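Peer 1: need coordinates for the below:
(one chain, ligands or ions: 1)
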Amino acid sequence: MDESNAHPVPDRHGASLYEADPDLSAVASLYLPEDLHRHLQPHLARLGALAGRELDELALTADKHPPTLQSRSRTGRDEQRIVKHPAYVALEKVAFADYGLAAMSHRGGVLGWPTPMPAAAKYALSYLLVQAEFGLCCPLSMTDSLTRTLRKFGAPALVDKYLDQLVTQDFEALSQGAMFMTEQAAGSDIAATEVRAQPDGDAYRLWGDKWFCSNPDAALAMVLARIDGAPDGMAGVSLFLLPRTLDDGRTNDYRIVRLKDKLGTRSMASGEIRLEGARAWLVGEAGRGFQQMADMVNNSRLSNGMRAAGLMRRACTEALYVARERRAFGRRLVELPLMRRQLLKLLLPTEQARTMLFQAADALRRSDAGEEGAYALTRILTPLIKFRACRDARRVTGDAMEVRGGCGYIEEWSDPRLLRDAHLGSIWEGTSNIVALDVIRSIRRDAALPALRRHLQGLLDACALSPKVRATLTDAIEGALAQASAVAEARGALDHAAREVASGLYHVTTAVAMAWEATRLGSIRRMRIAQLVLRERVRPHARDVFAAETPWLAELLEDTRPAMRASAADLQSVELT
Ligand SMILES: Cc1cc2nc3c(=O)[nH]c(=O)nc-3n(C[C@H](O)[C@H](O)[C@H](O)COP(=O)(O)OP(=O)(O)OC[C@H]3O[C@@H](n4cnc5c(N)ncnc54)[C@H](O)[C@@H]3O)c2cc1C
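Peer 2: Coordinates of the predicted model:
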């Protein structure tokens, strides 16, 4: 026997991340057509198994070997290239080619499904991928979102020219996408954009600096710039499509000046770009760059919410495993009351984010189908998940790290990577303040509150709840809506409360939606989580439920089987209030 390893530290590496999460398939079934849900089962199972072993190993390697910028060939030709580690390229192949994650919203034929898949399918799969690798999910989402924006606003000739290469699963023929908005003086404040667009025949030439450009060597990028002579402010900003390579095979006239040395997403390159008369095509209407780019940004924000949900799930899966397997003071960690409390505080935001992810994905599907009120609902659910889930992911990944003890701080485990990556979610695609203010904007400009109220009422009507819990939830909805409405109507005077409003709406939406999921699934476990959300997050000053030594708290943390079906009467008996 190896005496150095008589008491090995628990390690779940190699086990499937799909099987570790018995509720994923059940919850997804509520948001997917039955036949598609059935069709995806083997794909989810395979991806979950890969994410638990091979992809996790590749991600760890890619994180330790960030990309580098090469500006000359070995023969001395000026030729810029980003050298990616083979581990990252292997991850790209799985995501873009094997699973077609950037293509599946835009065409049929991906994973053997004849039509484009709804967003919920893409996010169910990506939710597993991101548990292994976060960095790659940025290029993946940007390729998907660029394709969406190009199809929505681009001239037919431009779409015809580039669509096939954006949605192919042939890795060698694939064009990835990027989004270059941010400048030194124009980050949150896009109206300050200075990059110039000079008309040149049927195209434009772009001049100036872009300060943060992820996937900087992407074949195609959406870029914001100001056409010469355009007015100051937002009305002068237009959207352009910038190819990396011109039709004659030459590299377009822009340089990657340097790559950023980042805290997280180290596997993926982010750089600075100098545009030196680069040829680009106007997308959509001149002067509507921000409005059109907003569609791409919103899609990316939803993807960011999904990524935060996935990071939290991975953190939770690791923490629950360690707590069930490791012993201290003669007991398993999960049996210790204070550890139980800590684990439940990881589980609640994790479950909330997943519910919100599917809610927002479904609203997007309905909005794209032109359903009345669905656009306004998507408009508010998207910044809600981007704001709250990304913030929660910072805490959850940090607290889950602590559950592993000292090992959690060591770079050969997944925890440090999760923590580093999680911190980015709250910064890019709009910082927390900007996204919280966007929640208020959606209320003011897009009448999002009536849409949200109708939606929540519809969910609540379909819930099996005791009269007492129903009344508590109804009060909570009205309270959150009233506060949001007051802040929106104050026209800036109460903007300091925007984050509080966003959190309030997020918590109440997830509590109601989770109770609806519990009812549809007949899941006592989910109903209990819904009510914990109500007690812990919607009404945090209520009695501390974690103090109660109730057996079902332990069950929530220990039961790894799919939920059993319960009757409506049993569901209504779930009472915490
Ligand atoms: C790793 C990484 C990759 C990135 N990749 C890309 C990319 O591919 N493409 C791209 O275009 N950008 C990218 N970005 C840029 C990112 O989106 C911006 O950094 C972000 O939007 C913030 O802009 P800023 O850095 O200019 O900060 P600022 O806008 O200067 O913000 C600074 C602070 O001020 C706060 N603030 C600003 N306005 C308000 C307000 N009205 N009320 C209250 N607070 C406010 C912000 O919340 C923030 O805390 C990336 C950033 C990082 C870190």
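Peer 1: pop out the phi and psi values for residue 205.
Peer 2: Reported as degrees, to the nearest 10, the phi and psi values for residue 205 are phi -120, psi 130.
Peer 1: over to residue 223?
Peer 2: The phi/psi pair for residue 223 (degrees, to the nearest 10) reads phi -130, psi 140.
Peer 1: and the one helix or strand residue 151 maps to with the ligand, contact?
Peer 2: Using DSSP states H and E, the element containing residue 151 is helix 137-153. No: Helix 137-153 lies apart from the ligand when judged by Cβ under 6 Å from any ligand atom; the minimum separation is 7.1 Å. (C-beta placed from N, C-alpha, C; glycine too.)
Peer 1: now residue 98: closest residue in space, sequence neighbours ignored.
Peer 2: For residue 98, the nearest residue in space outside its immediate sequence neighbours is residue 169; the separation is 7.7 Å by Cβ to Cβ, 6 or more residues apart in numbering.
Peer 1: wait, a helix at that neighbour?
Peer 2: No: read with DSSP: H, G, I helix; E, B strand; the rest coil, residue 169 is coil and lies in no helix.
Peer 1: pretty sure it contacts residue 96?
Peer 2: Yes: with contact defined as Cβ atoms under 8 Å, residue 169 counts as touching residue 96 (7.0 Å).
Peer 1: quick check: neighbours shared by the two?
Peer 2: Contact criterion Cβ atoms under 8 Å, 6 or more residues apart in numbering; residues shared by residue 169 and residue 96: residue 103.
Peer 1: give the helix, strand or coil label for the residue of the chain found nearest the ligand.
Peer 2: For the chain and the ligand, the shortest gap (Cβ to the nearest ligand atom) falls at residue 187, measuring 1.6 Å. Three-state assignment for residue 187 (three-state DSSP): coil.
Peer 1: taking helix 137-153 as reference, get the angle to the longest helix seen in the chain.
Peer 2: Identified as the longest helix of the chain according to DSSP state H is helix 289-325. With axes from the mean of the first three to the mean of the last three Cα atoms, to 10 degrees as the basis, helix 289-325 and helix 137-153 are set at 150 degrees to each other.
Peer 1: so does stretch 214-226 get close to the ligand?
Peer 2: Yes: against the ligand, stretch 214-226 shows contacts by Cβ under 6 Å from any ligand atom at residue 214.
Peer 1: contact partners of the helix or strand just after the longest helix of the chain?
Peer 2: Reading on from helix 289-325 to the C-terminus, the next helix or strand found by DSSP H and E is strand 327-328. Contacts to strand 327-328, defined as Cβ under 8 Å, 6+ apart, come from residues 333, 336.
Peer 1: neighbouring strands of strand 327-328 in the sheet, and parallel or not?
Peer 2: Its sheet considered, strand 327-328 pairs with strand 331-332 (antiparallel) by DSSP bridges.
Peer 1: pLDDT value on residue 296, please?
Peer 2: Listed pLDDT for residue 296 reads 83.
Peer 1: same question, residue 132
Peer 2: 98.
Peer 1: that one contacts residue 17, correct?
Peer 2: Yes: Residue 132 lies in contact with residue 17 (Cβ under 8 Å); the separation is 7.4 Å.
Peer 1: shared neighbours, the two?
Peer 2: 51-52, 314.
Peer 1: just the CA trace of whichever helix or strand residue 481 is part of, in CSV.
Peer 2: Element membership for residue 481, per DSSP H and E: helix 467-489. Coordinates of each C-alpha in helix 467-489 appear next as CSV, following Å, rounded to 0.1, in the frame of the first residue of the first chain:
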residue,chain,number,x,y,z
PRO,A,467,-52.9,29.6,0.0
LYS,A,468,-50.4,31.0,2.5
VAL,A,469,-47.4,30.5,0.2
ARG,A,470,-49.4,31.8,-2.8
ALA,A,471,-50.2,35.0,-0.9
THR,A,472,-46.6,35.4,0.2
LEU,A,473,-45.4,35.1,-3.4
THR,A,474,-48.1,37.5,-4.7
ASP,A,475,-47.1,40.1,-2.1
ALA,A,476,-43.4,39.6,-3.1
ILE,A,477,-44.2,40.1,-6.8
GLU,A,478,-46.2,43.3,-6.1
GLY,A,479,-43.5,44.6,-3.8
ALA,A,480,-40.7,44.1,-6.3
LEU,A,481,-42.7,45.5,-9.2
ALA,A,482,-43.7,48.6,-7.2
GLN,A,483,-40.2,49.3,-6.2
ALA,A,484,-39.0,48.9,-9.8
SER,A,485,-41.8,51.1,-11.1
ALA,A,486,-40.9,53.9,-8.6
VAL,A,487,-37.3,53.9,-9.6
ALA,A,488,-38.1,53.9,-13.3
GLU,A,489,-40.5,56.8,-12.9
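Peer 1: what is the distance between it and the centre of its chain?
Peer 2: Distance of helix 467-489 from its chain centroid, counting by Cα atoms, centre = their mean, to the nearest Å, is 27 Å.
Peer 1: ok, residues contacting it?
Peer 2: Outside helix 467-489, the residues within contact range by Cβ under 8 Å, 6+ apart are 439-440, 443-444, 449, 452-453, 456-457, 460, 463, 465, 494-495, 497-498, 500-501, 504-505, 507-508, 511-512, 515, 531, 534, 538-539, 574-577.
Peer 1: let's see 7 Å
Peer 2: The contact list for helix 467-489 (Cβ atoms under 7 Å, 6 or more residues apart in numbering) reads 440, 443-444, 449, 453, 456, 460, 494, 497-498, 501, 504-505, 508, 511-512, 531, 534, 538-539, 575, 577.
Peer 1: now, which of those residues lie within helices?
Peer 2: Among those, the members falling in helices are 440, 443-444, 449, 453, 456, 460, 498, 501, 504-505, 508, 511-512, 531 (criterion: DSSP H).
Peer 1: same for the ligand: which of the residues you listed are within range?
Peer 2: Near the ligand, judged by Cβ under 6 Å from any ligand atom, there are no entries from the ones in helices among the contacts of helix 467-489.
Peer 1: from those, pick the one nearest residue 211.
Peer 2: Of all those, residue 211 sits closest to residue 498, with 25.7 Å by Cβ to Cβ.
Peer 1: what about the residue nearest to the closest one when sequence neighbours are not counted, how many residues nearby?
Peer 2: Spatial nearest neighbour of residue 498, excluding adjacent residues (Cβ to Cβ, 6+ apart): residue 436 at 4.1 Å. By the criterion of other Cβ atoms under 10 Å, residue 436 has 25 neighbours.
Peer 1: ok, residue 436 touching residue 390?
Peer 2: No: counting by Cβ atoms under 7 Å, residue 436 does not reach residue 390; the two are 11.2 Å apart.
Peer 1: sorry, back to before: gap between the helix or strand containing the residue nearest to residue 498 and the chain center?
Peer 2: If you go by DSSP H and E, residue 436 is part of helix 432-446. On the basis of Cα atoms, centre = their mean, helix 432-446 is displaced by 18 Å from the centre of the chain it belongs to.
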